[in-house]
Structures are given as C-alpha cells and as structure tokens.
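output the structure for:
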Amino acid sequence: MTPPAFMSMSGSTTQPFLFRISSAQGVVGPLAPSLMMRALMRGMRDYNDALDDKGLLSQGNDDIISAFEREFRMTPKQLRSMFSHSVDPNGEINMKSVAIDWDFLVSDGQISGKVKPDQLLDASFAKKAVASLGPYVRRAR
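Here you go, the predicted structure:
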C-alpha cells in the first residue's frame, strides 16, 4: 500500500508527522512542554507569514530563507520557488489527516491499531500556547 500523500491546492504533497512533547516534562520540568509548544507555535506563525497565497516562500524574510538554506542545503531561489506544506498557526490537529495516516500504518502492519489517535493526541499544550499568544492573525504584507 502506498503511504498517503496530501495534495494542497497548489499541487504539492506533504507527509504529516506527529511528535510527543509530554515526555520532556519528566526530564526538564513541568513548564518545558508548554514553553516548547509556545516557541513552536511562534515559529509556525512566522513560517505561515512567509508563505504567499500559493504556498510559496516568496514572502519569506532573509532570516527565514537563510535558516532554511542552511538546514536544507537549498539556494534562496529554490526555496522561494518550491511549494511548501502548510501548518495550522493555532496548532489545530487535522484529525481527518491523522485518521488517513493511521489507517495506512495499521494496514501496512507498522502499528497494531489497538490504541486510537484520539487516545494519544493531546491538544492542551497548543491550547495553552494560543491562550498565551492569542489567536493567529496573518501579518500584513
């Protein structure tokens, strides 16, 4: 079975990923997951502001382009012309997308499926970050 690819209106495909931040709590203290989510959400918002209406990094400031150039070993011209994945700047989880990935992983035998996504996903850190930062408002261009 082919892994699910998600097609944006621009025609680009993305593979979603999940990560677990609650495990950091026991290592570095109870505020670590909340602080990490707040920082992640600020980065997602900066990233979202760098995208134009077509999903291109054409609006990206030099700091974002430089960081991506360094991390992905791509030229600024390449970065400004490729279609990008989207992230929700308020940290909302697309459960339909998660369900598609989940079904693939179960059917491919990579996971048993005994535990369901809604038993694993915790949006409380994102909700706290939005409460602290306020709802996302796209920066004027």
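
quick check: closest non-adjacent residue to the residue sitting nearest the centre point of the chain.
Centroid-nearest residue in the chain: Val87, 4.4 Å away (criterion: Cα atoms, centre = their mean). Closest residue to Val87 apart from its sequence neighbours, by Cβ to Cβ, 6 or more residues apart in numbering: Met44 at 4.5 Å. C-beta here means a position set from N, CA and C on the backbone, and glycine is covered the same way.

for Thr75, see how far away the one you found is.
24 Å (Cβ to Cβ, to the nearest Å).

settle it for me: which of these two has more neighbours?
When Met44 and Thr75 are compared for neighbours, Met44 comes out ahead with 19 against 11, by other Cβ atoms under 10 Å.

what stretches of the chain score poorly on pLDDT?
1-29, 59-60, 141 (pLDDT under 70).

show me what the lengthiest helix in it is packed up against.
As assigned by DSSP state H, the longest helix anywhere in the chain is helix 32-50. With contacts taken as 3 or more Cβ pairs under 8 Å, 6 or more residues apart in numbering; DSSP states H and E, helix 32-50 sits against helix 62-72, helix 124-133.

pick the most deeply packed of the ones you listed.
helix 124-133 (a mean of 16; mean count of other Cβ atoms under 10 Å).
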